[in-house]
Each structure stands twice: as C-alpha cells, then as structure tokens.
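Trainee: only geometry, no sequence info:
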C-alpha cells in the first residue's frame, strides 16, 4: 500500500503546526519507503504480513495526526477571520454611534 505524501491544500497553519506537519510528512515518507522495502523483501510470508500490517497502522496514525493538525490550523484561521470581522463591525458601529451623538455643526449659536 503506497500512501500519498502530497502537500495539503489547507492553508493558514501556524508556524508550529507547519513544522510539525513537515516532520510528520518526513516520517510518512520514511514509513512508505520501509513498507516498499518489506513488500519487496524475501522474508517469509508470515513475517512480511505482520510487518506490513504494522507499517500500515503506523502510516495511518501519522496521516491522522497530519489531518488533525491541518484541521486545527484551519479552525484557528477561521476563528481569527471571525474575530477580525467582528472587530471591524464593532469599529464601524462605534463610528456610526459617535457621529449620531455629536451635535450638528451646522447649528449656529445666536445667543452669543
């Protein structure tokens, strides 16, 4: 079983997540290489099957970790975008209310 190690399209990963993902991808590449070597080896069938199953489980675990990090980065990015939008909306609302609270400058005080 060969597993793709192509980069994800999920963007916005933090620097910490990016470095963790890179390390996991490197580990995934090594596991895939080892799996290929086991499949091509001349070990007895029972040993080969046991090692293949173990490597496949490890590959799946690493893939799950990568997906979890990507999902966490995506959620963090979405939360940051929401916060930015809310801050912008609040800023616009406060500007609107300050305009309404100011007295009109077109009125002239005739009592002076």
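Mentor: Good, I have the coordinates. These numbers were taken from a predicted model, which means no experiment stands behind them.

Trainee: Show me what the longest helix seen in the chain is packed up against.
Mentor: In the chain, with assignment by DSSP state H, the single longest helix is helix 45-101. Under the contact criterion of 3 or more CB pairs under 8 Å, 6 or more residues apart in numbering; DSSP states H and E, helix 45-101 touches helix 15-40. Quick note: C-beta positions are derived from backbone N, CA and C, even for glycine.

Trainee: how much does the helix it packs on deviate in direction from helix 45-101?
Mentor: Relative orientation of helix 15-40 versus helix 45-101 (axes from the mean of the first three to the mean of the last three CA atoms, to 10 degrees): 160 degrees.

Trainee: If you count contacts, what does helix 15-40 end up packed against?
Mentor: Helix 15-40 sits against helix 45-101, with contacts defined as 3+ CB pairs under 8 Å, 6+ apart.

Trainee: distance of residue 77 from residue 17?
Mentor: 10 Å (CB to CB, to the nearest Å).

Trainee: thinking in terms of the whole chain, how far from its middle is the helix or strand of the chain with the lowest mean pLDDT?
Mentor: The weakest-scoring helix or strand in the chain, judged by mean pLDDT, DSSP states H and E, is helix 45-101 (a mean of 90). Its chain's average C-alpha position is 4 Å from that of helix 45-101, according to CA atoms, centre = their mean, to the nearest Å.

Trainee: Over to stretch 24-44?
Mentor: Per CA atoms, centre = their mean, the displacement of stretch 24-44 from the mean C-alpha position of its chain is 27 Å.

Trainee: That stretch - what's its average pLDDT?
Mentor: Stretch 24-44 comes out with an average pLDDT of 97.

Trainee: Can you give me the buried ones in that stretch?
Mentor: Of all the residues in stretch 24-44, those buried under the rule 16 or more other CB atoms under 10 Å are 24, 25, 27, 28, 31, 32, 35, 38.

Trainee: How about the third one, nearest residue that isn't a chain neighbour?
Mentor: Closest residue to residue 27 apart from its sequence neighbours, by CB to CB, 6 or more residues apart in numbering: residue 62 at 5.6 Å.
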